[in-house]
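**Q** give me a model of this one.
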Amino acid sequence: MFDRTGLPKAVTVYEVGPRDGLQNEITIFSAHVKAQLIQRLLKAGLPAVEIASFVRPDLVPAMADAEEILAEMAPFLGAHRMVALVPNQRGLDRAISAGVREIAVFASATESFAQANLNNSVAGSLDLFGPVIRQARDAGLRVRGYVSMCFGDPWEGKVAAEQVVHVAERLFEDGIDELSLGDTIGVATPGDVIDLLSACDVRGISRSRLAVHFHDTYGQGLSNALTALQEGITTIDSSIAGLGGCPFAKSATGNLATEDLVWQLHGLGISTGVNFAELLETSHWLSETTGLKNRSKVSIALSRNMHDETGMVESQ
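**A** Modelled structure (predicted):
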């Protein structure tokens with residue numbers, strides 16, 4: 001019998017689809033469509049949604065409409081946790097002007113990915129992020145951090161936990177509130193998850209301040225999520241319909257699908273605050289509206305019987 005005694009009673013599902021998911025799609029969707037998606041996700045009960053990225057429009061054209069999205073979402077900002085990614089000082093200035101109340105910064109555990117994604121070294125990028133984090137905190141903003149390539153890198157291979165912990169310590173020293181550990185190319189196994197969290201323990205990084213971000217390239221996303229839960233993690237990143245990837249790491253496939261994660265959590269008796277039926281409707285609306293492929297196995301399986309008399313949707 002599966003032992004549930006160590007599992008948390010509640011988990012924060014941190015939705016990254018509107019930003020991390022859509023930024024990697026070839027088709028660029030309007031700010032209005034993105035705002036509709038965000039509103040649907042909030043209505044479904046997602047407690048945290050990453051909604052935009054204040055990056056250079058020429059580098060990430062899909063995120064060129066950050067200000068437009070914030071303008072559409074302005075009536076909801078006070079009542080919901082909505083986060084925007086900022087890469088530098090200019091991005092922070094734009095985010096503050098647009099009314100953002102929480103930002104995220106994105107660091108790398110490896111030199112190769114730091115150069116490909118940030119056009120800088122690991123140390124150099126951290127030097128740039130420090131003032132951004134401190135200014136954001138001074139402005140009353142909450143700050144989330146990401147570390148990418150925590151388990152494997154397409155150029156460097158397996159990544160040592162010590163590399164990740166070094167970057168994590170620096171971000172916490174600079175003042176972030178929460179750190180998401182990213183399996184950017186989806187190579188982690190449950191054993192790797194345990195090893196990295198244990199390495200964080202050794203350096204005094206509390207698991208209560210950590211989140212996990214898994215890609216499902218090798219089909220390990222849900223297994224890794226369950227392992228993280230058993231290890232005391234209570235915030236898990238996911239993306240509606242499994243959207244996502246990484247433009248700088250071509251081997252990476254989509255993020256862990258929100259529908260699959262919530263199905264698992266509810267099946268374990270863990271509270272998320274998410275209305276699963278509304279989440280599923282949002283998933284189907286997204287596919288029908290945009291033509292994007294739905295990669296969620298749960299959503300695909302239930303697509304023909306959302307209102308079936310078996311009540312499977314409602315039971316979750």
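
**Q** quick check: Val187 touching Pro154?
**A** No - the criterion here is CB atoms under 8 Å, and Val187 misses it with Pro154 at 9.2 Å. C-betas here are computed from N, CA, C, even on glycine.

**Q** what about the strands in the stretch 151-300 of the chain?
**A** 152-153, 157-158, 178-183, 210-214, 235-238 (DSSP state E, counting those that start in this stretch).

**Q** show me what the lengthiest helix in the chain is packed against.
**A** As assigned by DSSP state H, the longest helix anywhere in the chain is helix 122-138. For helix 122-138, the packing partners by 3 or more CB pairs under 8 Å, 6 or more residues apart in numbering; DSSP states H and E come out as helix 89-98, strand 102-108, strand 142-148, helix 161-174.

**Q** which one of these lies closest to Gly17?
**A** Among the helices and strands packed on helix 122-138, the nearest to Gly17 by CB to CB is strand 102-108 (14.3 Å).

**Q** I'd like the next helix or strand past the closest one.
**A** Of the helices and strands lying after strand 102-108 in sequence (DSSP states H and E), the nearest is helix 111-113.

**Q** list the contacts of that following helix.
**A** Residues outside helix 111-113 that contact it (CB atoms under 8 Å, 6 or more residues apart in numbering): Ser121, Val122, Ser148, Met149, Asp153, Pro154, Trp155, Glu156, Thr184, Phe248, Ala249.

**Q** buried stuff in the helix or strand harbouring Ile69?
**A** Per DSSP H and E: Ile69 is located in helix 66-73. By neighbour count with 16 or more other CB atoms under 10 Å, helix 66-73 contains the buried residues Ala66, Glu67, Glu68, Ile69, Leu70, Glu72, Met73.

**Q** so how far is Glu173 from the closest residue to the first one other than its chain neighbours?
**A** Nearest residue to Ala66, sequence neighbours excluded (CB to CB, 6 or more residues apart in numbering): Ala52, at 4.0 Å. Using CB to CB, to the nearest Å, one obtains 27 Å as the distance from Ala52 to Glu173.

**Q** between the two, which is the more surrounded one?
**A** Ala52 (30 against 11; other CB atoms under 10 Å).

**Q** residues contacting that one?
**A** Per CB under 8 Å, 6+ apart, neighbours of Ala52: Pro18, Arg19, Met63, Asp65, Ala66, Ile69, Leu70, Ala84, Leu85.

**Q** ok, the second one touching Ala62?
**A** No - with contact defined as CB under 8 Å, Arg19 does not count as touching Ala62 (9.4 Å).

**Q** quick one, which of the two is more surrounded?
**A** Legend: neighbour count by other CB under 10 Å for Arg19 and Ala62, higher for Arg19 (26 against 20).

**Q** relative to Ala79, how far out is the nearest residue to the more buried one once chain neighbours are set aside?
**A** Closest residue to Arg19 apart from its sequence neighbours, by CB to CB, 6+ apart: Glu50 at 4.3 Å. The spacing between Glu50 and Ala79, counted by CB to CB, is 17 Å.

**Q** for Gly78, phi and psi?
**A** Backbone torsions of Gly78, given as degrees, to the nearest 10, read phi -70, psi -20.

**Q** adding pLDDT and distance to Ala95, write the buried residues of helix 66-73 out as a markdown table.
**A** Converted to a markdown table, these look like this (pLDDT from 0 to 100; distance: CB to CB, whole Å):
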| residue | pLDDT | distance to Ala95 |
| --- | --- | --- |
| Ala66 | 98 | 8 |
| Glu67 | 98 | 9 |
| Glu68 | 98 | 14 |
| Ile69 | 98 | 11 |
| Leu70 | 97 | 8 |
| Glu72 | 97 | 15 |
| Met73 | 97 | 13 |
